[in-house]
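Visitor: A predicted structure for the sequence below; I have some questions about it.
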Amino acid sequence: MFTFSLTIVRHGETQYNKEKLLQGQGVDTSLSETGMQQGEAVGQYLRDIPFNSVFVSNLQRAVQTAELILRNNTHCSGMDMVLEPLLRERGFGVCEGHPKEHLKNMANASGQSCRDFTPPGGETLDKVRLRFKKFLKVLFKKMVDEHGWSEPSASAAASEAANGTSASASASASDSAPLGLADDGLQEVPVHVLVVSHGAYIRVANKHLVEDLNSSLPAGVKMSHLFAPCPNTGISRYILTLSRSESSSPVLLAARCIFTNRKNHLDELSAENNAEQK
């Protein structure tokens, strides 16, 4: 078996975000001043997490955010990141560069919800999900290739058998509600992965991990929050356990959701901005 943590962060704010314009893949904007501050804030929040690997969408708003996170990290400053096109934002076709209201109007005219509607030239949600599934396959292989398999000791295996438990059952058991700390869920997890991506993509990723891969959930979580739009530099975290398949390729044995869309690190920044506006 092999267990690791997956921490997923949305990029910081861009001017397009502020003006509620769609970016998708075709509009490659940089972070706004507020976005840079958000990147610093999430970097400070995650500063003590010893990430072993960092995967980043190759769009510059994600790259800049990842650079700020690594620069603030006490363990990972100077670490190379992997630029991964599979983590790019959902493509919004003809709506890219236009107000989100434009997409909403097109969706209404077609009788669909805005989130489910695919504009001409855009990516369907199924295509985005397929990209994330491909990324997970790449990620799983890289984790095992770089860190190897960790087999339970004979005594641990005997204990599991005697108690009628399994690694899958124990890993999928829901934990108590997270405490709001940066290291929630990371105790006794040996390897940590950081992913920096985009809002619509992260929502698809969360839904796939929870609905398709049956991630267990923290106590008291509301589904409305679980799949809510991810704020700029919002954080989601999962603990994933892999096992060998018959072909010896790693497959997911169990997944546990620790939290999604966390934005604690932005509280102080929001307070400062509100004070300046008064």
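Guide: Structure received. Numbers count the residues shown, from 1 in each chain.

Visitor: so who does the nearest residue to His147 once chain neighbours are set aside touch?
Guide: The shortest distance from His147 to any non-neighbouring residue, by CB to CB, 6 or more residues apart in numbering, is to Val191 (5.6 Å). Quick note: C-beta positions are derived from backbone N, CA and C, even for glycine. Taking CB atoms under 8 Å, 6 or more residues apart in numbering, we find Val191 in contact with Phe2, Thr3, Phe4, Ser5, Asn52, Ser53, Met143, His147.

Visitor: what is the fourth one paired to in the beta sheet?
Guide: Residues found in beta-bridge contact with Ser5 (criterion: DSSP bridges) are His192, Ile239.

Visitor: was I right to think it contacts Ile239?
Guide: Yes: Ser5 is in contact with Ile239 according to CB atoms under 8 Å; the separation is 5.5 Å.

Visitor: joint contacts of those two?
Guide: Here Ser5 and Ile239 share the contacting residues Gly185, Val189, scored by CB under 8 Å, 6+ apart.

Visitor: for whatever helix or strand Ile8 lives in, list the C-alpha coordinates in PDB.
Guide: In the assignment (DSSP states H and E), Ile8 maps to strand 2-10. This file holds the C-alpha atoms of strand 2-10, laid out as PDB (Å, rounded to 0.1, in the frame of the first residue of the first chain):
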ATOM      1  CA  PHE A   2       1.000   3.700  -0.300                       C
ATOM      2  CA  THR A   3      -0.700   6.600   1.400                       C
ATOM      3  CA  PHE A   4      -0.200  10.300   0.600                       C
ATOM      4  CA  SER A   5      -2.000  13.600   1.000                       C
ATOM      5  CA  LEU A   6      -3.300  15.700  -1.900                       C
ATOM      6  CA  THR A   7      -3.800  19.400  -1.200                       C
ATOM      7  CA  ILE A   8      -5.500  21.300  -4.000                       C
ATOM      8  CA  VAL A   9      -5.300  25.100  -4.200                       C
ATOM      9  CA  ARG A  10      -7.100  27.500  -6.600                       C
END
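
Visitor: any idea how far Arg90 is from the nearest residue in space to Ala107 that is not next to it in sequence?
Guide: Leaving aside its sequence neighbours, Ala107 sits nearest to Phe117 (CB to CB, 6+ apart; 3.5 Å). Counting by CB to CB, to the nearest Å, the gap from Phe117 to Arg90 is 12 Å.

Visitor: what of Gln25?
Guide: From Gln25 across to Arg90, the span is 8 Å (CB to CB).

Visitor: which one's more surrounded, the two?
Guide: Higher neighbour count among Gln25 and Arg90: Arg90, with 22 against 19, using other CB atoms under 10 Å.

Visitor: disregarding residues adjacent in the polypeptide, which is nearest to that one?
Guide: Excluding its sequence neighbours, the residue lying closest to Arg90 (CB to CB, 6+ apart) is Ala200, at 4.1 Å.

Visitor: contacts only, for the one you found.
Guide: Residues counted as contacts of Ala200 (CB under 8 Å, 6+ apart) are Glu89, Arg90, Val128.

Visitor: which strand or helix spans it?
Guide: Assessed by DSSP H and E, Ala200 sits inside helix 199-207.

Visitor: so for that helix, what's the average pLDDT?
Guide: Per-residue pLDDT over helix 199-207 has a mean of 97.

Visitor: now what about the helix or strand following it, what contacts it?
Guide: Helices and strands here follow DSSP H and E; after helix 199-207, the next one along the chain is helix 223-226. Residues outside helix 223-226 that contact it (CB under 8 Å, 6+ apart): Asn206, Val210, Leu217, Cys257, Thr260, Asn261.

Visitor: among the residues you listed, which pair sits farthest apart?
Guide: Taking CB to CB, the two most distant members of these are Leu217 and Asn261; they sit 13.3 Å apart.

Visitor: ok, these two, which is more surrounded?
Guide: Counted by other CB under 10 Å, Leu217 and Asn261 do not tie: Asn261 has more neighbours, with 20 against 17.

Visitor: isn't there a strand covering the more buried one?
Guide: Yes: under DSSP: H, G, I helix; E, B strand; the rest coil, Asn261 falls within a strand.

Visitor: the closest residue in space to it that isn't next to it in sequence: neighbour count?
Guide: Residue nearest to Asn261 in three dimensions, not counting chain neighbours: Gly234, with 4.6 Å by CB to CB, 6+ apart. For Gly234, the tally of surrounding residues (other CB under 10 Å) stands at 23.

Visitor: sounds good, over and out.
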